[in-house]
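Visitor: Sharing a model prediction with you, sequence too.
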Amino acid sequence: MRRSSLLLLTAAMLALAVPSQAITPWQKVARDLGFTREGKKAVPGTSAPPADCTTCHQGEPGAADQGGRFKPMGQYLLDQKAKRKAEKIDIAWLKDYPPK
């Protein structure tokens, strides 16, 4: 009993000690293009926070339904999808995104 409790306690401590930072492929492309959470190009040498879901989406992160609420960058991608008659959004389109 004592050994299993110790093992469980150790596992719980390790699980809590390791930060989880899942990065989607979309986020990786946006970060590689140099975009920040605010949807602007990062200035080299600054510590601007990198792009995440809230760069394009409004609402609670991970919510099943974003309710069609998008920030300007997200709306740009939707407009490009319609303009190009594409089946899926391609984050690489952000290379042409005009940050404000």
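Guide: Okay, I see it.
Visitor: just the helices in the chain please.
Guide: Counting by DSSP state H, the chain has helices at residues 2-17, 25-32, 72-83.
Visitor: which of those has the lowest average pLDDT?
Guide: The minimum mean pLDDT among the helices of the chain belongs to helix 2-17 (a mean of 66).
Visitor: how near is Ala30 to Lys83?
Guide: 19 Å (CB to CB, to the nearest Å). Every residue, glycine included, has its C-beta placed from N, CA and C.
Visitor: if you count what's nearby, which of those two comes out ahead?
Guide: When Ala30 and Lys83 are compared for neighbours, Ala30 comes out ahead with 26 against 9, by other CB atoms under 10 Å.
Visitor: Could you pull up the contacting residues of the more buried one?
Guide: Listed by CB atoms under 8 Å, 6 or more residues apart in numbering, the contact set of Ala30 reads Ala51, Thr55, Ile91, Leu94.
Visitor: With Ile89 instead?
Guide: Counting by CB under 8 Å, 6+ apart, Ile89 has contacts Leu77, Leu78, Gln80, Lys81.
Visitor: what's the neighbour count on the first one?
Guide: Meaning Leu77. Residues near Leu77, counting by other CB under 10 Å, number 19.
Visitor: which one of the contacts of Ala30 has the most neighbours?
Guide: When neighbours are taken as other CB under 10 Å, the top entry among these is Ala51 (28 neighbours).
Visitor: Dump stretch 26-38 to CSV, keeping only the CA atoms.
Guide: Output of stretch 26-38 as CSV, limited to C-alpha atoms (Å, rounded to 0.1, in the frame of the first residue of the first chain):
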residue,chain,number,x,y,z
TRP,A,26,-0.8,26.2,-37.6
GLN,A,27,0.8,27.9,-34.7
LYS,A,28,4.2,26.7,-35.8
VAL,A,29,3.8,28.2,-39.2
ALA,A,30,2.5,31.5,-37.9
ARG,A,31,5.4,31.6,-35.4
ASP,A,32,7.9,30.7,-38.2
LEU,A,33,6.5,33.6,-40.2
GLY,A,34,7.2,35.8,-37.2
PHE,A,35,3.7,36.7,-36.0
THR,A,36,2.8,37.5,-32.4
ARG,A,37,-0.4,37.0,-30.5
GLU,A,38,-1.5,40.5,-31.5
